[in-house]
Every structure is written in structure tokens, then in C-alpha cells.
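Visitor: here you go, sequence then predicted model.
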Amino acid sequence: MDEVAHLHSGPAATGAGLVAAVVYCKGVKVADIDLAEAGDWAKRPDHVVWIGLFEPDVDLLERVRVQFSLHPLAIEDAAKAHQFPKLEEFDDSLFIVARTAQLEDGRLAFGETHLFVGEGYVVSVRHGPSRSYSFVRERAEARAQRLSEGEDFIVYAILDFIVDNYAPVLDSIADQVDDIEDHVLETTVGQHEIEQLYTLRRDLLRLRNVVVPLQDVCRRLERSDIVFIDPAMRPHFRDVRDHLRRAEERIDTLRETLAFAFEASLMNAQMQQTNISRRLAAWAAILAVPTAIAGIYGMNFEHMPELKWEYGYYVVLAVTITICVILYWRFRKSGWL
Amino acid sequence: MDEVAHLHSGPAATGAGLVAAVVYCKGVKVADIDLAEAGDWAKRPDHVVWIGLFEPDVDLLERVRVQFSLHPLAIEDAAKAHQFPKLEEFDDSLFIVARTAQLEDGRLAFGETHLFVGEGYVVSVRHGPSRSYSFVRERAEARAQRLSEGEDFIVYAILDFIVDNYAPVLDSIADQVDDIEDHVLETTVGQHEIEQLYTLRRDLLRLRNVVVPLQDVCRRLERSDIVFIDPAMRPHFRDVRDHLRRAEERIDTLRETLAFAFEASLMNAQMQQTNISRRLAAWAAILAVPTAIAGIYGMNFEHMPELKWEYGYYVVLAVTITICVILYWRFRKSGWL
Amino acid sequence: MDEVAHLHSGPAATGAGLVAAVVYCKGVKVADIDLAEAGDWAKRPDHVVWIGLFEPDVDLLERVRVQFSLHPLAIEDAAKAHQFPKLEEFDDSLFIVARTAQLEDGRLAFGETHLFVGEGYVVSVRHGPSRSYSFVRERAEARAQRLSEGEDFIVYAILDFIVDNYAPVLDSIADQVDDIEDHVLETTVGQHEIEQLYTLRRDLLRLRNVVVPLQDVCRRLERSDIVFIDPAMRPHFRDVRDHLRRAEERIDTLRETLAFAFEASLMNAQMQQTNISRRLAAWAAILAVPTAIAGIYGMNFEHMPELKWEYGYYVVLAVTITICVILYWRFRKSGWL
Amino acid sequence: MDEVAHLHSGPAATGAGLVAAVVYCKGVKVADIDLAEAGDWAKRPDHVVWIGLFEPDVDLLERVRVQFSLHPLAIEDAAKAHQFPKLEEFDDSLFIVARTAQLEDGRLAFGETHLFVGEGYVVSVRHGPSRSYSFVRERAEARAQRLSEGEDFIVYAILDFIVDNYAPVLDSIADQVDDIEDHVLETTVGQHEIEQLYTLRRDLLRLRNVVVPLQDVCRRLERSDIVFIDPAMRPHFRDVRDHLRRAEERIDTLRETLAFAFEASLMNAQMQQTNISRRLAAWAAILAVPTAIAGIYGMNFEHMPELKWEYGYYVVLAVTITICVILYWRFRKSGWL
Amino acid sequence: MDEVAHLHSGPAATGAGLVAAVVYCKGVKVADIDLAEAGDWAKRPDHVVWIGLFEPDVDLLERVRVQFSLHPLAIEDAAKAHQFPKLEEFDDSLFIVARTAQLEDGRLAFGETHLFVGEGYVVSVRHGPSRSYSFVRERAEARAQRLSEGEDFIVYAILDFIVDNYAPVLDSIADQVDDIEDHVLETTVGQHEIEQLYTLRRDLLRLRNVVVPLQDVCRRLERSDIVFIDPAMRPHFRDVRDHLRRAEERIDTLRETLAFAFEASLMNAQMQQTNISRRLAAWAAILAVPTAIAGIYGMNFEHMPELKWEYGYYVVLAVTITICVILYWRFRKSGWL
């Protein structure tokens, strides 16, 4: 909520959830506008209205719907998070759902962004933790020429921003995977490593669910069958998709690497178990010698001639030690000790 | 059976298995009708007959078949449960099979719903445990405008209801997975956890069989090639399919999470086994010292000078304890104890 | 061979391997015929010749080939079993290979059926263990109207019969899987369960090879591109395919269930191993106490004051027992015993 | 090399690597020819030149290339083995690569065959261990009518021969799998079985790489898009592909069977380990009884009244034996011994 | 950097990062040129400019962009490594990304090559460790006829070179896999083997990411839809793709082989663990005999008649040894020792 407050700067922004409502003409900001006049501005030639919302309530979405005559189903979807990434075409508008990912205090946090796009307007709706698009807006305003390309460019700029934000998340996971890789191969795996391995695998799985379905959205934006999209923008959407493919490749590589690490650690654990069993067996064998011999000469038979020999004790001690040393040496040689 | 009794309220409902038979005109209920007149009502323009059956016998189905001239093969299928989710097109009707899922006393229970759809009529047939469609009917009746769209809307309303009912089932499974996740990582896995893990995996597998084939049904309803379906309804079927894709994604994520949990628990068990073996080996080594020494001085040799020393006993005790303490300290340092 | 004898009833059946040769007109049996006149009968309008063979020799097949001018390659295939399920189109005939499955003394047994279909004739060739088609023939003869649809209907009736026979096999396997499921989770897995698990997995794999490729045959019969097939028969082949898909789904579910059961049993075994090791370690620790103490007071030092105390023995016994009880109680509390 | 010598019989075969060069007209052998005149013979209507090479050097291939104006890239490929199975179309010729498999002293050996096909000629090039095609040639010559179909038939005959030769290899592997199946389930797995299991899995993997890509070659020969291939030959290539599919199915079934066997053997090993641990634990418990009791009565306290009882020794022996017997009986009952 | 210096020989190469800039006419080198005149040279008919860059800075890339009016997005991509292998078509140019792989001090090192291709020019940009293309250039210059085919041939020559360089990497990995195969089956797996197995699996995974996506690039170059590519060059790109498919097949085979080796080693470890446990159990049983007997006759009862027998000691010794020998012999027979 305080993020909204923080971003809530435009004078025309008239309610909680409305972050900004700006109209641009040929790439130049014309005015901060009131939501009630957004529909009219969007209809003027060469003008583009860009409205930013953050977790809007049903009321606000209904007001947006009226301005641009959006489809009720899309509005229904935008009111709640947990949508599947998708691109839906309606008669005169597009509805796009994308998922965002970022690190918060070292933990993965996912959000969602919904976009309504039509002739002369883009409405972006953010849900959950995600970086504000005021940064995208500022950068776009600074490049008037490109912004003048209109709503396609705004869609591209937002998607590009979302996809760029996956990279630091992946970098952080990759670092942790490198880290665990060393642990698994060199030392014994403990509670902590198992938990870390588990968490990394689950995070990568979730990240994959963010990255993979978005490719389909970009693929459709890249193709010719959508009317709004200027063919000149297609290489840009292709570029976004290439980043997504690269991200997917990295995710899959990390996933397989963790699977290998898991198997290596299982082998390691087996090997250690075998080694310990061997040592245990070897020491048990060595110590069985004095136990057995001492047991025999600890018997209370009256007629045990050795017990009366003057050097019996020393002979027995020497024999015992000799056998133990030989055993130790042989176990050592065969790698059991 | 008592569910049927409970729902059995329309005066025209004339037999066991027949839950309701109602005719609507422009979204407004016209009358509860007798099955024998259903065919005629269906032929009147702007009228839609909606018949609800619960586990009907062959007789009842035959009477329905005659009214709407349905294909014998579809009727044969509708008489028995355990069909594969599908959409079959006949010359002048559709036959749809969907599976339902719900929780009963905390356990997953599956049912089936079969739909016959044609110009002016929808026949819904429920098998096994599933929530009654009287709720769907009431809600639809409350929205006369949408119900006036006719049989397409009724099909949509039923499918949407079926798919919405998957969500609480999935939520419950997701809670259990979260629960087991903690157990597997923190404590030792016991009989109970293994059973729970197994049951969850099997339930998710079954739920997947419910969710995945239904997407194909929606995909075909969404496309243009079926005559009955008003193109304006397509976004609604697309919406149902999106929910199914989201459900599938959740199922697959939970399945993989459980697979990871299984592997983490295997690693955990290996680690514990190794730790126990180490402890066992360490204590065996420590206790071997007094055993060996006591054995030696328990021998009955006549000439064992140490036995005659005044402080022999104390020296031996001290040496023994010292060795044991040193061993203990070294095992401790190397993490074996 | 005695099955042939048993089925061999038609007077016109003239040799080993020939089970029946009958000509039908408008669904009514006209005559048992001799193989040599089969070709002529088949050419008469509205007449259908249905020839049933069981493991025929090359000679018999050649005689059949001549009657209907079949393709030599198909005849070559029909002479030997172990074909891949397929549908081959030749200029004026179809060649279909299907696999049959049934239980014999509780064990899975597979057979093969080859069908030659053309204008006015169907030749069915059975190999290996499979139920005779005399049952199909009788049922078809009892439904003259449907049989009058000709060769398409006969093909459908045979395929439907083959697919229906998979169901009891699957039911039996499903029962065994349910059975093993309980064993794996509740008791220790032994030699017998491992063997049963292995056999079930192998049987399901084989059954899958029977069921899956046949779907492709049905899919092609269902489509428009084959001339012989009356479009009105398509829903029937679609129905057969639906049964196959359902069977495939069941097989895959059972396969995954067994995989889960295998993993659960591995976890179970690990857990038991850990429990046994813990118990072993706990008892070893407890028993080490009297051994060590008794060892010490069994030493033969002359100066061991405790040995001379009047209640020394009782004190030592009491101390030993106390330590053992405390250890036992602590191991009990921590779940090791 | 001696295989070449052995096959090297035609008078016109003029160098190492050239096995045979024969021209046929309407299925009848016309002459053994010199390589230098092959191109001219191939151009005569109704004449087909069939040249067989075995591991030819670059020179020989160049001479072949000149005769039939082959594409340099294909010739470059034919000079070395280790090509991927493929069918390449050039303007007026086809280049086909297939892999061969056979048993040599019980071990799998792979070879390669390259075919150049064009109007009026077939050039076959063998690499590595593979059966000579002189057998194919003889059989083809014996069937003049079919050989008269020209180059398509020769290609078919060679591919069919290659694919037929996979069968004995698969049979041999299947026998070994059956063999290991019994070992894994009944007895303890040793070094030898592990090695055998590993080798079988690797061999099947290699065999799969031989069989699977060849299907694509046959699929393309079967389709209409290649000019040289007479449509009447298509069923024959389809037949070869069916054999390949059957071989693939067998390979995949064997692979999965071995995977199941591996898992069953792992379970078996786990079970045995658990059994041994139980026995070890049970015997340790039983033997701890006399050790502890004997230890106690071996202490040298002066005041131990039991030691002075006349029947103390017998009582203690009896008690010890009784406890041991009871323990033994209980362990027996619970299946630990 | 010193690699650049080493290759930096052309007089016209005017800055860090520019390796060479040469213009060819009909396959013959015309001149080393300055970057500023490259655009003009490229426009002359039958002239081709080939510019080689190594890790260029943004400035240099901008100068290249201006000369050939390249698309800004492609230039942006070329400035940084870590692109996904791809082929992008712009209005009048192609942008190709390929990954290179080579061994450096026995370790896998990956690089990237970016190619800009248009009428009359090829710009190659190398990133990271990869062999210089001066070798490709020299070989191309030596074959004037082929080089005269222009920019297509240069693209082919570079891709072919890149793909050829994968072979020694794969050979080296294959050798290591053969090596580890023997270790895993014959001896006990240790820390070193586990690490090696892990590293090989990870390297193969990375190599796969290099090889697989490049096939798609070649497939598109092979097809007709790209304007620049002379149809006569298609067999060459098909040839490159065949090498890629062969490399992929080898990678996948090696990956599966390592997976089998991992499983074999797991089985081996299990077997060894079982063997050690058996030996441990057997020796424990054998040594329990003298311990128990000696314990009994070490008791201090006053009335133990055996102790007074003259040959008691010898009888007991003999009995003990006999039992031990019998036990040893039975364990030996049953394979436990």
C-alpha cells in the first residue's frame, strides 16, 4: 500500500489503486488526466493514454472498463491475481497477463501484471510484489521518438522490463547452485544442504512457470495476426522472446544440474556409508583378537599349563599385538582403514 | 439416492433419476414440464428445455433419447459412468463428458457429468458423487439476460461450475503438500508420512486425469467448427479453459514438488543412516578400550607383575579413562558424535 | 488346434485353419460356402462374405489371396504373427492388424488378429491365444439390421470385441495393484512383493503396446479418407477409440501408481533400516555398560579395595542396572527403542 | 579385407574396394562391366547398373562420381563412416545412409551402408562389419520379374536385408534380458549381473540409434515426393518401416524391462540389507545375554553369595540358556531370524 | 586481447577489436580495406566484404552498423555475449548467433559468434574463447571458385568450422566416459569418480545447449524462405545440420550412458554394502563363540566341576575351535565370507 502512496504523484490520480494516468502525443507527455476523460483522449488521433493501476478494487476497474468499453470477462480476471499468463484477443482490444519475479530479502516473490491494450490506450494493472512501472514510464518519456510509436511500444517496454527483471533472480539462484555444487561434491551433505537443494529446485520450478507461458504471449505478438501491433515492432517482441528462451534454457540447465547434484550426493552418501561400514568391520575384527585371547586365559580351569609359564603373559601379549598389527596393516593396504 | 429425493422438487419430474425438467423463454422460466412434452417445447423458437438427471436407468434415458432423437451410441455411453472426457459431434447434437472432483470427509471423490446439447435443449446427467446443479440453475435463473443466450450459456454455466469446484480440492491438496514439505525436511519420515506422500501423489495423478482431457473439450467449444455454439460465447469457453490450464499448472507443480520432497527425504534418510552408523562406530571404538584392557588384566597368568603393583589398578583405570576421553573428544571434533 | 476343431462346424469349411466361411445378404445368413466360391459370392451386390481363419498355413492363405486378389505383401504378413498393429490401404482392400489380450490361468496372454477387408468380404485371421470370433458372429447374426450394413459393421464388431476383452485384463491388474499398494505401505516388502511388482509393471508395459498403436488404426477408420468405410459407421469407430483412450489412461495411471508404490516401498525400507540400526545402536550402548563394569571388576589386581567391601557386589550391580534403566528410558524417549 | 577378396569374383571388378559391377536388363544379368563404362550402360533404357563397394578409397569414389555425375558432398560423406542415417535428395540422384547391426562372437558390431540411386543405377557402399550384399544380389537375380522393376527394387531389397538382420540381434538381446530378469528376482545380484545389465542397456541404446532414424528414411521413400520411386513400390517401403517400428517397440520394451529389473534389484538389495541387519541385531541381542551374565559372575568380589551356592553354576547356566531360547523364539516369530 | 594482437595483421585494421576487413571479387582478395569504405565496396556488383571482429566495443559496432545500415536491435545483441543461438531476418540482412565450444587445458570453454549477413558483406563477431577465423579465411581464399559464391559460402564456411570444432570436444568427453565406465563397473567408486561423473554430466548438458539450438538456424538456412541464400548452397547447410544431428545423437548417447553408469555404480555400492554387512555378521557370529564359552568358564563359581577336570581346558579349546571352523565353513559355502 505504501508503494502506491509512494508512486501516487500525478495530480489527476484520483483514488487508491490509481498510480498514474497520462496522455502522450507523438511521444511527448501532454497532461496528467482524470480517469473520466481517458476514453475521449484515447480517441484523438496520435494520442495515447497510459494508465497505471496497482491492485485496484472492482469499482475502479469498472470505471476503466466504461472508458474503453473493455470486455467484462477480462475485467473480471484483472480484479484477481493468480491468472495463467496469456494473451486474449477481443474485438477491439487485447488482454495480456504476465507474471513478475523478484527477490525480496533473498527470497523469491512473484507478482502479476495485466495489460489492456487498444487503439490509443494501455492500462497496466500490477498485483503483488513487483517493481513499479514508473521507471519504465520515465525511460520511455526520455525517448520521445520511440514512445511516439504508441501503444505497441508501451506494451513492449513493460514486457521487456518484466523479462529483464528475471535476470537478477536467475543470477542469484545460479550463484546458490554453484555454491551447493561444491558442498555436495566435497563434504558430507547435512540438513542444511538438503533444505537448500530442495528450496532451489522448488524455486526453479516456480520460476519456470513464470517464464515459459510468457513465450507464447510474445510469439503471438510477434506474428502478424493481431491488428494493433505495428509490424515494425515485431523484432522487438522477438527480442523479448529470445530473452525468455535464454532464461528458460538457464532454468532448465540449473534444474538438471541440481538433479545431477542430488544424484552425486546420493552416491557420495552411499560411498561414505560403505566406508564407515568397512572401518567398523575392520576395527571390530582387530579388537576381537585381544578379547578372544584374554577370554581364553581368563578361564578358571585348574589345568592350564600356559598360565604357569614364567613368560606366558608376555608371549600372549606379544602374540596378540602382533596379530593386531598384521590385521591393521592388511586392512590399511586393502583400503578399509 | 436421498440427494435425488432432496432435489426432486419440480411437479413435472416423473420418476426416479429425473431431477428437474424446466423450459425457459428469453431467460425466464416458463414451466416445469413433463418429459413427454420436452421435445415439443424444445422446437418452439426462443425456448430452451433444461433437463437434469441423476444416475438415470436405461428406461429413462430411452425416453429422453426419443424426445430429442439423440444418437443411440451417446445414450449407451450416458447409461454408464467411467467415460473418457470428450466432446462428440453428431448431426444435430453434441455429447459432452466431463469429470467432477470434490472432497468428501477429507477424501477425494470423483463423479461424472454427461451433457446432451442441441437446438433448444440441454440434458445434464450426473453420475457418482458431485454437487447438484440446482445451484447452477438458480444462479442462471437469477441472471435472465445471460440465460436468454440459450443452450450455449447453460453448457458454459455447468462446465464453469464443474471447473470452479476443482479449486477447493486443489487448495486442500496444496495445504497437505505444504505440511508434508516441512515434515520431510525437518524430522524423520515415518510410516504416516510415507503413506500421506503416497496418497497425495496418487490423488494428484487422478485429479490430473480429470483436468487435462477436459481442456480439449473446451478448446473445441472455443473454436468455430461447432454449429451450435454462438461465437459470442467463445471467450467464455476460453475462460474455462484458462482455469483448467491454471489448475493443470498447479497440479504439475505439486507433483514435481512431491517428487522433490521424496528425493529430499531419501537424502535425509541416507544422511541419518550415515550419522547413526558413525555414532555406532564411535561408541564401539570407545567401549572397546576398557573391554580390551580389562580382558588382559582378567587373565589368570601367574606371572603378571602389574597385578602385584600397589597402584596398578588405579593406573590402569586412569589410562583407560584417559584413552576413552581422548577418543570421545576426537570423534566429537570430527563430527561423528 | 482343438479350439479350431471345436469351432470347426460349417460344412463348407474345408481344411485345418479354416474356421468358417459364410455369406450374408442384407444381414441374413445365406449359406456356408466353399472357399473356392468366396470370390464370386463377394461380387454379388448386397452380399458379404465373412471368412474366419485360425493360424492358417501358407497354402490356405494363398487360396484366400486368389479369391479376393489381395496384395502379396499383406498375405506374407498374415502368415506370421508378431506384426505391429496397423492399417494398410491397398488399391481395393484394407489390411488391419490388431493385438488381443486375455487372461489364461491368471497370466496375461497375447494374440493377434489380422483382417482383410474389401467390397463384399471380410477375412479374419487369428494367431495365438484369443477368444474365437464365433461369439461375435452369433451376436452379429442376431442383429440382422446392423449386420446388413456390411463389411464395415463386421470390422467394427470384431474390433469392438477385441477392445472389450481388454477390460477384464485391466480389472484384474488393477485389483493386484490395489493389493500390492496396501502391502507396500503397511508391511515389509519381501521377495514375493518385489516379484509381483515387477511382473505387474512388465505386464502393463506389454498391455500398453497392445492398446496404444490400435488407436491409430481407429483414428484412420474414423476419418474420411478411406473409401470402404461408410461415414455413418464413423461414430462407432470413434467409440472404439474412446474405449482405447480410456484403457490407455487406466494403464498409465496404474503404471504411475506402481512407480509411486515402488518409491514408497524404497522409503519404507530405508526407514526400517534406519530404525533397525537405531535399535541395534541403542541395545549395544545399553549392554556395553555391564560388560565394561564386569570387565573392570574381573581384573586380577591384588589391590582393588572395592572387591573387599562387604556390599561392593550389590552396589556395583545396582549402579549397573540403574545406568541401563536410565539409558533405556532415554532411548525410548528419543524414539530409538 | 578378406571379405572383399571372398566376394571379389566378377571379372570386371578392377580394384580393391570394388566388390561387383553388374548390369541388368529386365531383371536378367547382362554382363559384369568395367567401372569406366558404368555411366554409359546406366543411360540405356531398361538397363540398371548395380555397383557394390566395400570401404572404397577416395580415388575409387571419385571414379564412381564421374560416371554418374554425383554431388561432391554426398561423395565426401561416403568416403567416411559415422554418418547420421538420412536420405538426401539431389537434382537427379538420392543419397541414402543406413546403419547395420550384427553379432560378432556374441558382441554387437555396427556398420554403415551408403546408397547412391539415380536413373539406371544403384551404388552401394559398405563400411565396417556387415554382411555382404552378394546374398541380396543372388536372391534378386533369382527373381527376375521383381528385379526388372529396376533401381527402386534394388534399394528396397538392400534396406529390407539390413532391417531383417536386426532381428537376430534383438532376439539375442531379448534372451539375455529374460535371463537377467530371473537372476535379479531370485538371487543376489553380483558384479557379473551388474555388468551384464549395464552392457545390455548400452547395447539397446546403440541399437535404438540404428533403428529409429532409419524410419524417417523409409517414410520419405514411402511418400510421393521423390521422383525416382515408382508408386507401386511404396507398400514395400511401408513394409520395411513397419518392421522398423516393430523393432523400435521391442527395443523400447526391453529398455523399460531392464529399468524395471534395475529397480527390482535395488529393492531386493535393500530388502536383503534389512534382513541381514535384522539377523545381526537378533544374534547380537541373544549373545549379549551369556556375555553379560558371565561377566557379572566373573567379577572378583569377595562377597558374592551366589558363587558359593552349590548349584549356582547350574542355575545360572539354565537361566542363561532359557533366556536365549526365549529370545530366539521371539525373533523367529517376528521374522527377524 | 593478445589473440587479437596476434591476428591483427591487415594494414587496414584500424582499431582494437577489428581483426580483419577484406574485400573479395569473384573469390580473389582485392584489398584490405578501411572500415569507413566497407559499405561502398559491398555495393559494387560481385564484390564481397568480409569483416572480422573480436569482442568489439560499442563504438566499433556502431561504425559497422552505419556502413551496412544494420538493425539497432541486432547491434545491441552483438555487443554482449550470452545470446540464444538464433537466426533473425531483417528487411535486408540476417543476424545469426552461434555458440562455439573447445577444450582449454582439458576443460570445456564456450564462446559465441555473431554474424551479420547481407548483399555483399559478412561481419563476424567473436566473443569469449574460440578459435580465430583466420584459418577459415585462409582456406576460403585458397578455394577461389567456391569463395566466389559470395556471402552464403562465407556463412557456410564459418558455421562448418564451428561445428567441426565440436568433434574433438566430444571425442575427449567420449574417452572420459569410456574410462569412467570401466571404473564404475570394476572397482569401488570414490570421491574422484563421483566428481568426474558429475562434471561430465554437466559438461554434456552444456554442450547440448550449444549444439541443439543451432540446428534450427541451419534448418532455416536450408529452406527456401530466406532471400539471400542461393538454393545451390542448401545441400551445404543440410550437411552442417547433419553433423549437428550426429553430434546431438552422440551427446544424448553419452548422457544416457552416464545415467546407466550412475545406476550401475549405485547397484555396485549397494552390493558391496550388503557384502560387507554379511562379512561383518559372519565374523561377529564366529567370534561370539569363544567369547561366550570363555565367559562361562571365567565365572568364579566354587562348584564348577569342569574346571577341575584334567583335560577340561583342552576339551573346551577343541570344542570352541571346532564350532568356529564349522561356522566358517558354512558361511563360506553360503557366500557370506
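Guide: Cool, got the structure.

Visitor: need the contact list for the nearest residue to A:Ile229 once chain neighbours are set aside.
Guide: Distance criterion Cβ to Cβ, 6 or more residues apart in numbering or on different chains; nearest residue to A:Ile229, sequence neighbours excluded, is A:Asp152 at 5.5 Å. Glycine gets a C-beta too; all of them are placed from N, C-alpha and C. When contacts are counted by Cβ atoms under 8 Å, 6 or more residues apart in numbering or on different chains, A:Asp152 touches A:228-230, A:233.

Visitor: can you tell me the helix or strand for A:Asp152?
Guide: Taking DSSP states H and E as the definition, one finds A:Asp152 inside helix A:151-164.

Visitor: and the following helix or strand past that helix, C-alpha only, in CSV?
Guide: With elements assigned by DSSP H and E, the helix or strand that comes after helix A:151-164 is helix A:166-186. This file holds the C-alpha atoms of helix A:166-186, laid out as CSV (Å, rounded to 0.1, in the frame of the first residue of the first chain):
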residue,chain,number,x,y,z
TYR,A,166,14.0,-12.1,-14.2
ALA,A,167,17.8,-12.0,-14.8
PRO,A,168,19.0,-10.9,-11.3
VAL,A,169,16.7,-13.6,-9.8
LEU,A,170,18.3,-16.2,-12.0
ASP,A,171,21.8,-14.9,-11.3
SER,A,172,21.1,-15.3,-7.6
ILE,A,173,19.8,-18.8,-8.0
ALA,A,174,22.8,-19.7,-10.2
ASP,A,175,25.2,-18.5,-7.5
GLN,A,176,23.5,-20.7,-4.9
VAL,A,177,23.6,-23.7,-7.3
ASP,A,178,27.4,-23.1,-7.8
ASP,A,179,27.7,-23.0,-4.1
ILE,A,180,25.8,-26.2,-3.4
GLU,A,181,27.6,-28.0,-6.2
ASP,A,182,30.9,-27.6,-4.3
HIS,A,183,29.3,-28.7,-1.0
VAL,A,184,27.7,-31.8,-2.4
LEU,A,185,30.9,-33.0,-4.0
GLU,A,186,33.4,-32.1,-1.3
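
Visitor: what does the stretch 201-337 of chain A put close to chain C?
Guide: For the stretch 201-337 of chain A, the residues in contact with chain C (Cβ under 8 Å from any Cβ of the partner chain) are A:Gly298.

Visitor: can you name the residue of the stretch 101-250 of chain A nearest chain C?
Guide: A:Ile194 (14.2 Å; Cβ to the nearest Cβ).

Visitor: look at that residue and report its pLDDT.
Guide: pLDDT for A:Ile194: 89.

Visitor: thinking it is in contact with B:Met271, fair?
Guide: Yes - in this structure, A:Ile194 is within contact of B:Met271 by Cβ atoms under 8 Å, at 7.0 Å.

Visitor: just to revisit the earlier point, only the buried residues of whatever helix or strand the residue of the stretch 101-250 of chain A closest to chain C lives in, if you could.
Guide: Per DSSP H and E: A:Ile194 is located in helix A:191-222. Neighbour counts over helix A:191-222 (16 or more other Cβ atoms under 10 Å in any protein chain shown) mark A:193-194, A:196-215, A:217-218, A:220-222 as buried.

Visitor: cool, and stretch A:122-133?
Guide: For stretch A:122-133, a neighbour-count test (16+ other Cβ under 10 Å) marks A:122-127, A:130, A:132-133 as buried.

Visitor: now the terminal residues of it, how far apart.
Guide: By Cα to Cα, to the nearest Å, the extent of stretch A:122-133 from end to end equals 13 Å.

Visitor: quick one: contacts of it?
Guide: With Cβ under 8 Å, 6+ apart as the test, stretch A:122-133 has contacts from A:3, A:6-7, A:19, A:48-56, A:61, A:64, A:68, A:78, A:81, A:100, A:102, A:104, A:109-117, A:151, A:154-155, A:158, A:161-162, A:165.

Visitor: can I have the buried ones of these as a ChimeraX selection?
Guide: Selection of buried members from the contacts of stretch A:122-133 for ChimeraX, criterion 16+ other Cβ under 10 Å:
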select /A:7,19,48,49,50,51,52,53,54,55,56,61,64,68,78,81,100,102,110,111,112,113,114,115,116,117,151,154,155,158,161,162,165
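
Visitor: now, which of the contacts of stretch A:122-133 lie close to chain C?
Guide: Okay, of these, nothing touches chain C (Cβ under 8 Å from any Cβ).

Visitor: take the contacts of stretch A:122-133 and keep only those in strands.
Guide: A:19, A:48-54, A:100, A:102, A:104, A:109-117 (DSSP state E).

Visitor: the stretch 101-250 of chain A against chain E: which residues are in contact?
Guide: Within the stretch 101-250 of chain A, the positions lying close to chain E (Cβ under 8 Å from any Cβ) are A:181, A:185, A:235-236, A:238-239, A:242, A:245-246, A:249.

Visitor: any low-confidence regions in chain A?
Guide: Scanning chain A for pLDDT under 70 picks out the ranges A:1-16, A:224-225, A:227.

Visitor: just want the residue of it that's nearest chain B.
Guide: For chain A and chain B, the shortest gap (Cβ to the nearest Cβ) falls at A:Ala294, measuring 3.1 Å.

Visitor: touching, that residue and B:Gly295? I think so.
Guide: Yes - with contact defined as Cβ under 8 Å, A:Ala294 counts as touching B:Gly295 (3.1 Å).
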